[in-house]
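Student: Okay, here's the prediction I keep looking at, along with the sequence it came from:
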Amino acid sequence: MMLLEATNLRKHFGKHTSVDGISFDIEQGSCVALLGPNGAGKTTTLRMLAGLLEPDSGLISFDGGQPGGDYRKALGYLPQAPSLYGWMSGQEYVLFAAKLSGLNSREAADRGAEVLERVGLKEHARRRISGYSGGMKQRLGLAQALVHRPRLLLLDEPVSALDPLGRREVMELLRDIRDETTIVFSTHVLHDAEEICDHIILMNRGRIAEQGPLASLRSQYSLPVIRLRTEKMSGARKWLEELASRSFVLESRFAGEDVMFNVNDVELARHTILSEAVSREIPLLHFETGSSTLEDLFMKVVGA
Amino acid sequence: MRSVWIFYQKEMLEAVRSYRLIWIPVVFILLGIMQPLTAYYMPEILGAAGNVPPGMLENYEVPSAAVVMVQALGQYSTIGMLVLALITMNSISGERYSGSAEMVLVRPLTPLAMVVAKWAALLTVLVLALGLGASGAAYYVMELIGPLSWGGISSAAGLYGLWLMCAVSLTLLFSAFLRATAAAFLGLLSAAAFSLAHSLLPAWFDWTPAALPGLSAAMLLEDGGALRLGPLLSAPLFIISCIAGAALLLRRKQLPG
Amino acid sequence: MEDIPWGLIGPLVGLQLLLAVIGLISLSKAESVRGPKWLWAIVIVLGNLIGTIAYFTAGRKDV
């Protein structure tokens, strides 16, 4: 069942087009990573989903409802750098957030204590937020986003500003939370997306480059590749460029002395490359056959 | 409008934690009681300062109770208004630029509810400060100079408060789309320009909120003098437009940059 | 100077002191202020009314 359907969303700021006509569905209970480099339009997309930005055009429909309907009660949102009132205690903030989302005082108190314990802030609940560390603030941010049991949780780069320890803590929490609710989170790190998500929406320059279930993207992009590296020398470079135009090479990517070829016939490619390297006395440093990964897809989309 | 109440409670807690709820009333009381003291002890104060030509002090006459009370309320249009503008300037602007507005507006809280709650919290501080300040001033005037009617004092203070609230509401409006300092500056500048326009062209601006300080003075001096409807109607309208405008601007521009 | 009406001057002095004390308490509890803390302490103590107003409106960073 679809929880949210976004159709042809578009948003520009001045002359800059931030999001350029994207469409996607969020399935109930799924965990979706909005993946892409900085400036891909991830934050703008999340803010439109959160109702904080009006799209220039396009529709968002929540739970089969009328597009443009108000679903804020069912929404939990954590921005990239959450700004929590420093003069409040963690507990006060969570209660305030819960009440604003429609919980009565008793529910707010019960749920508040529950989520604070869950994110590991029970002992610090009565301390002022201004004295919290970055990781504690992020965990409190998660607590306030979860306190009213939202059906959709939107997280903007939830781990990118944290040190490795804080990152680990928040990732563990997310792994836990994804069984209860639908999560959409943005990240520029493929590894984070692969770690907890089952769906990926890969964005670049305001458009969706690729989207789908993680498993099917993996198999779809698992193509035979050959990676090789030579010593720096003009003859070698010329040879590599020549190889790129052979019929068995589908696509090639150069990065300094490193080359990656997508090939259609690994046997033929391997034989040709190795024998030519010998006959032309090319100083090979590295030769590897394998299959491409999502990392390669990501690099291709980002580098393009 | 439960969300207004929740947000109002948050604003009041903030006013307590930031000491605003204490220091502003104290400042207003000090401003209020200093005026009757200086008016009454003017010769002593000047004498203590020295360099007073002989004979000059002999002609000093303590102004009437009503005049001193009017002067005391007048204190609030300078330092008082400055203080109010400075605490209002950050009200919306601070939340917009820090990003905390984003985190509350993503919940079922309308921009209007947020603005109304903030306005009500400012009104609470103003009522407390002006109430205590005017009472303090009136007490000193009556102790030192002469009797005043409490009815006249409260209506005069009420009218003055309405004028101050107009300036606060205007600053709040500016705070919805400008940086804090710009909002305070424009708020104060507009209030001053308004007053000046009224004193230059009283006939034209007699119906505007700028006539309120004059009306307030008339309450004391003429003892229940002519209460004109124009300013009494235009001021609430002006305040409501400021609140509505702030809510509209906040809806459109809640995310800076 | 014998006939100073302390009943009337007393509250004035008391409130001035109270204001300075509130300012100093707030200053001591503040995590960070604009400029050095000791400077604000001097401003509050010596500048009484105006000094404390200046501290609360310009010196405090949060709220």
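Tutor: Great, that's in hand.
Student: Return the nearest residue of the stretch 151-257 of chain B with respect to chain C.
Tutor: Chain C sits closest to B:A184 of the stretch 151-257 of chain B, with a gap of 8.9 Å, by CB to the nearest CB. Where you see a C-beta, it was placed from the backbone N, CA and C, and this is true even at glycine.
Student: helix or strand for that residue, which one?
Tutor: helix B:180-200 (DSSP states H and E).
Student: average model confidence for the following helix or strand past that helix?
Tutor: Using DSSP H and E, the helix or strand that follows helix B:180-200 in sequence is helix B:202-205. In this model, helix B:202-205 carries a mean pLDDT of 83.
Student: what's the answer for stretch B:1-11, then?
Tutor: For stretch B:1-11, the per-residue pLDDT averages 94.
Student: what sits up against it?
Tutor: Residues outside stretch B:1-11 that contact it (CB atoms under 8 Å, 6 or more residues apart in numbering or on different chains): A:85, A:96, A:99-100, B:104, B:108-110, B:113-114, B:116-118, B:120-121.
Student: before we move on, the earlier item: could you double-check that the residue of the stretch 151-257 of chain B closest to chain C lies in contact with B:M89?
Tutor: Yes: counting by CB atoms under 8 Å, B:M89 is a contact partner of B:A184 at 3.7 Å.
Student: re the thing from before, dump the helix holding B:A184 to PDB, restricted to CA.
Tutor: The C-alpha coordinates for helix B:180-200 follow below in PDB (Å, rounded to 0.1, in the frame of the first residue of the first chain):
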ATOM      1  CA  ALA B 180      16.000  41.300  14.400                       C
ATOM      2  CA  THR B 181      17.900  44.600  14.500                       C
ATOM      3  CA  ALA B 182      16.300  45.800  11.300                       C
ATOM      4  CA  ALA B 183      12.900  45.000  12.800                       C
ATOM      5  CA  ALA B 184      13.500  46.900  16.000                       C
ATOM      6  CA  PHE B 185      14.900  49.900  14.100                       C
ATOM      7  CA  LEU B 186      12.000  50.100  11.700                       C
ATOM      8  CA  GLY B 187       9.500  49.500  14.500                       C
ATOM      9  CA  LEU B 188      10.900  52.400  16.500                       C
ATOM     10  CA  LEU B 189      11.400  54.600  13.500                       C
ATOM     11  CA  SER B 190       7.800  54.100  12.400                       C
ATOM     12  CA  ALA B 191       6.400  54.800  15.900                       C
ATOM     13  CA  ALA B 192       8.500  58.000  16.000                       C
ATOM     14  CA  ALA B 193       7.500  59.100  12.500                       C
ATOM     15  CA  PHE B 194       3.800  58.400  13.400                       C
ATOM     16  CA  SER B 195       4.100  60.600  16.500                       C
ATOM     17  CA  LEU B 196       5.800  63.300  14.700                       C
ATOM     18  CA  ALA B 197       3.200  63.300  11.900                       C
ATOM     19  CA  HIS B 198       0.600  63.600  14.500                       C
ATOM     20  CA  SER B 199       2.200  66.500  16.300                       C
ATOM     21  CA  LEU B 200       2.800  68.400  12.900                       C
END
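Student: How far off centre is that helix?
Tutor: The chain centroid and the centroid of helix B:180-200 are separated by 13 Å, computed with CA atoms, centre = their mean, to the nearest Å.
Student: Can you get me a residue count around the residue nearest to C:F56 when sequence neighbours are not counted?
Tutor: Excluding its sequence neighbours, the residue lying closest to C:F56 (CB to CB, 6 or more residues apart in numbering or on different chains) is B:W23, at 5.6 Å. Per other CB atoms under 10 Å in any protein chain shown, the neighbour tally for B:W23 reads 23.
Student: Before I go, just wanted to say thanks for your time.
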